[in-house]
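A.B. asks: Turn this into a model:
(one chain, ligands or ions: 2)
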Amino acid sequence: MEGQDENLVDVDVYDDGISRFPEYAWNSAPTDLLATRRQLRAAGLRPGGHGPVAQLRCRRCSYQPHAACTHLAWLYRIDLAKPKIPMTLAKEAALDRAMATRTTCPVCQVRFDYCLPLKTLGSCWPCSPEGIQTREHHDRELGRDTAGTTALAA
Ligand SMILES: [Zn+2]
Ligand SMILES: [Zn+2]
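C.D. replies: Ligands and ions are numbered 1, 2, ... in the order given. Alright, predicted model coming up:
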C-alpha cells in the first residue's frame, strides 16, 4: 500500500488529468459560474481561451449517482467566456469560402476575380485544353516561350 501512495505523488497524470475535475450531478452545477459549451453557445458565447474546469454528469446518471458517467459534459467558466464570432462575420467567411471555390482554378490554383466556368471547362481558360492550344498558338506567333509567361506572372 505504501508503494501506491508514492505513485499517487509521483504520477503527473493526477495533476492535469480528468480525475481532478470537480464533477457535478445533473442540475447541480452553479449555473451562474459554469456552463457547458452548448449552454455558452445558446447565450452567444464561447469558451474564453481556457480549458474546461469541471464536468457535468448527464441527466440519466442522476438516477444512478454511484455509477461512472460516460456522458460527462465539460463545464467552462462563464466569467471568462468570450462573445461568439458575430453571425455576419461567420456568414461572410462562409460566403468567401464558397466564392473562393468558384473563382479559383483547381489546376493552377490562381484565384480570379470572376467565376470560372468550372462546370464546362473545369479550370480557368488558360488551363483548359482549348486555352492551352490557343496560348501555344499565340505564343508561337509572338515568338514567346513559357519562360517569358512565367516571368510576366512573377
Ligand atoms: Zn451519465
Ligand atoms: Zn488555371
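A.B. asks: Show me what the closest residue to residue 78 other than its chain neighbours is bridged to.
C.D. replies: In space, and not counting its chain neighbours, residue 78 is closest to residue 35: 5.3 Å by CB to CB, 6 or more residues apart in numbering. C-beta coordinates here come from the backbone N, C-alpha and C atoms, glycine included. When assigned by DSSP bridges, residue 35 has beta-bridge partners residue 76.
A.B. asks: next one: phi and psi at the nearest residue to residue 116 once chain neighbours are set aside?
C.D. replies: Counting by CB to CB, 6+ apart, residue 116 lies nearest to residue 124, which is 5.4 Å off, once chain neighbours are set aside. Torsion angles at residue 124 (phi, psi; degrees, to the nearest 10) stand at phi -70, psi 160.
A.B. asks: Show me the chain divided up by domain.
C.D. replies: 2-83, 87-153 (automatic domain parsing).
A.B. asks: so does the shortest one get close to ligand 2?
C.D. replies: By that I understand domain 87-153. Yes - using CB under 5 Å from the ion, we find that domain 87-153 touches ligand 2 at 105, 107-108, 123-124, 127.
A.B. asks: Of those, which is the most crowded?
C.D. replies: residue 124 (22 neighbours; other CB atoms under 10 Å).
A.B. asks: That residue against residue 115, yeah?
C.D. replies: No - checked against CB atoms under 8 Å, the pair residue 124 and residue 115 is beyond contact range at 10.7 Å.
A.B. asks: Which parts of this structure are strands?
C.D. replies: 23-24, 34-36, 45-46, 54-56, 73-77, 82-83 (DSSP state E).
A.B. asks: okay, those strands in TSV with mean pLDDT, distance to residue 135 and mean neighbour count next?
C.D. replies: Formatted as TSV, the strands of the chain follow (pLDDT from 0 to 100; distance: least, CB to CB, whole Å; neighbours: other CB atoms under 10 Å):
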stretch	mean pLDDT	distance to residue 135	mean neighbour count
strand 23-24	90	67	17
strand 34-36	95	58	21
strand 45-46	91	49	16
strand 54-56	93	62	21
strand 73-77	94	56	20
strand 82-83	89	50	10
